[in-house]
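K.L.:
What follows is a predicted structure for the sequence shown.
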Amino acid sequence: MKLLVTGGAGFIGSAVVRLAVSRGHEVVNLDALTYAANLANVAQVTNSPLYRFEHADLRDRPALDRIFAAHRPDAVMHLAAESHVDRSIDGPAEFVRTNVVGTCTLLEEARRYWREMDDEARAGFRFLHVSTDEVFGSLGPEGQFHEETPYRPNSPYSASKAGSDHLARAWHHTYGLPVLVTHCSNNYGPCQFPEKLIPLMVLSALQGRPLPVYGRGENVRDWLYVEDHVDALLAVLERGRVGETYAIGGGCERRNLDVVRAVCRTLDELCPDPALGSRERLIRFVEDRPGHDLRYAIDAGKIARELGWRPRESFESGLRRTVQWYLENAAWCERVLSGAYRMERLGAGAGV
Ligand code: NAD
């Protein structure tokens, strides 16, 4: 298949690009190269004849028109987004521009392209919209999100993703575009920008810096290793039912505090610092994120039953692989941190 992957220089998108090329798919990576992107994430496929890169913004309709005409994809995997909740609290408008307006522009271009395909190609075309479990809001101590859970987005990020989900759904319902939507829980793994919890803790702990934990660290997330997520996305693209949504999760619920402790223990084992002793000593509780959702958990029964997908990594094995990757890729980390981002506190609600 020839895949047009948006956001393929970001964290999950680059894992999609790497795995899809390794499975023999042709991939066109469309990315605007925002602060979150890094072409080093796709270095291992850059010279593959199966890979092409297009530097373009989702909102640039003439650029999309040119890219669809030049590459004639069989499917779109839409991952490009503004993705960090804390940044959305400081500056929500950019999230609406990229996640809502950008998705609308891409859907419109995909619809135009799809309508002009011949019958056989049109029947096989797919638009996979990659979303998050955060659109469902917050759970109490019990229960899990599933495909029928009502939308209750609480942050500007999740509200903008919910908006884009509704557009994708409507483009299927109104125009018949063959859309599939996925809702995934928190991902972690190699190449994640260090504003997100796990890489921020790994890199801060390595530098002996304080490890800021929001509130009392009681918030629970369901963690999924990024390669398991990508495997699920390809399963949905290849075998999912058009018009359906699929919830994807790791079945690995952890409190943030336990995640940070696990990072510390893994680092202490793989890279001991005798002067510091246990890195758990670096943990500091800081003011909570405004509107912080308490708990997310996913019932991934539908994708298991219908598509036979299950995660391969446990939280412990995935975390070990992740920490090992950051230890072995110091140059990647230095390059990311040499930009504007300095691992500072984002999203305390002070922005306008
Ligand atoms: P990321 O921030 O690491 O990467 C986003 C990519 O999109 C970057 O390469 C960026 O340059 C690109 N991009 C941003 N705006 C663009 C625009 N206007 N035009 C073209 N490209 C643009 O994000 P991620 O963590 O890899 O998430 C990818 C997708 O998966 C997002 O849609 C996100 O909502 C969804 N998701 C993420 C998680 C998670 O835990 N990270 C969980 C579930 C779903």
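P.N.:
Looks like it came in fine. Numbers count the residues shown, from 1 in each chain.
K.L.:
State the mean pLDDT of stretch 26-38.
P.N.:
The pLDDT scores in stretch 26-38 average 96.
K.L.:
Stretch 246-255 too?
P.N.:
The model assigns stretch 246-255 a mean pLDDT of 97.
K.L.:
could you check whether it is close to the ligand?
P.N.:
No: Stretch 246-255 is not in contact with the ligand by CB under 6 Å from any ligand atom; minimum separation 8.1 Å. (Each C-beta comes from the backbone N, C-alpha and C, glycine too.)
K.L.:
for stretch 36-54, same thing?
P.N.:
Yes: against the ligand, stretch 36-54 shows contacts by CB under 6 Å from any ligand atom at 36, 37.
K.L.:
ok, residues contacting that stretch?
P.N.:
Stretch 36-54 is contacted by residues 7-11, 14, 17-18, 21-22, 24-31, 33, 63, 67, 71, 83-84, 191, 193, 332, 335-336 when judged by CB atoms under 8 Å, 6 or more residues apart in numbering.
K.L.:
Specify the local secondary structure of residue 232.
P.N.:
Following DSSP: H, G, I helix; E, B strand; the rest coil, we place residue 232 in the helix state.
K.L.:
Can you get me a residue count around it?
P.N.:
Residue 232: 25 surrounding residues under other CB atoms under 10 Å.
K.L.:
one step back: which among the contacts of stretch 36-54 are in contact with the ligand?
P.N.:
7, 9, 10, 11, 31, 33, 83, 193.
K.L.:
In strands, which of these fall?
P.N.:
Judged by DSSP state E, strands contain the following of these: residue 31.
K.L.:
now, which of the ones next to the ligand among the contacts of stretch 36-54 sits nearest the ligand?
P.N.:
residue 10 (2.0 Å; CB to the nearest ligand atom).
K.L.:
quick one: stretch 236-256 to chain centroid distance?
P.N.:
Its chain's C-alpha centre and that of stretch 236-256 lie 12 Å apart, by CA atoms, centre = their mean, to the nearest Å.
K.L.:
now stretch 299-315
P.N.:
17 Å.
K.L.:
repeat for stretch 276-287
P.N.:
With CA atoms, centre = their mean as the basis, stretch 276-287 stands 27 Å off its chain's centre.
K.L.:
got the CA coordinates for it in PDB?
P.N.:
Only the C-alpha atoms of stretch 276-287 are listed here, as PDB (Å, rounded to 0.1, in the frame of the first residue of the first chain):
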ATOM      1  CA  LEU A 276      23.200  10.300  44.300                       C
ATOM      2  CA  GLY A 277      22.100   6.800  45.300                       C
ATOM      3  CA  SER A 278      18.400   6.400  44.600                       C
ATOM      4  CA  ARG A 279      17.100   8.900  42.000                       C
ATOM      5  CA  GLU A 280      13.700   8.800  43.800                       C
ATOM      6  CA  ARG A 281      15.300  11.400  46.100                       C
ATOM      7  CA  LEU A 282      14.900  13.900  43.200                       C
ATOM      8  CA  ILE A 283      11.000  13.700  43.200                       C
ATOM      9  CA  ARG A 284       9.300  16.900  44.000                       C
ATOM     10  CA  PHE A 285       5.500  17.500  44.200                       C
ATOM     11  CA  VAL A 286       4.500  20.700  42.300                       C
ATOM     12  CA  GLU A 287       1.300  22.600  41.700                       C
END
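K.L.:
Report the buried residues of it.
P.N.:
By neighbour count with 16 or more other CB atoms under 10 Å, stretch 276-287 contains the buried residues 279, 282, 283.
K.L.:
Mind checking which of the contacts of stretch 36-54 are buried?
P.N.:
Applying 16+ other CB under 10 Å to the contacts of stretch 36-54 flags 7-11, 14, 17-18, 21, 25-31, 63, 67, 71, 83-84, 191, 193, 332, 336 as buried.
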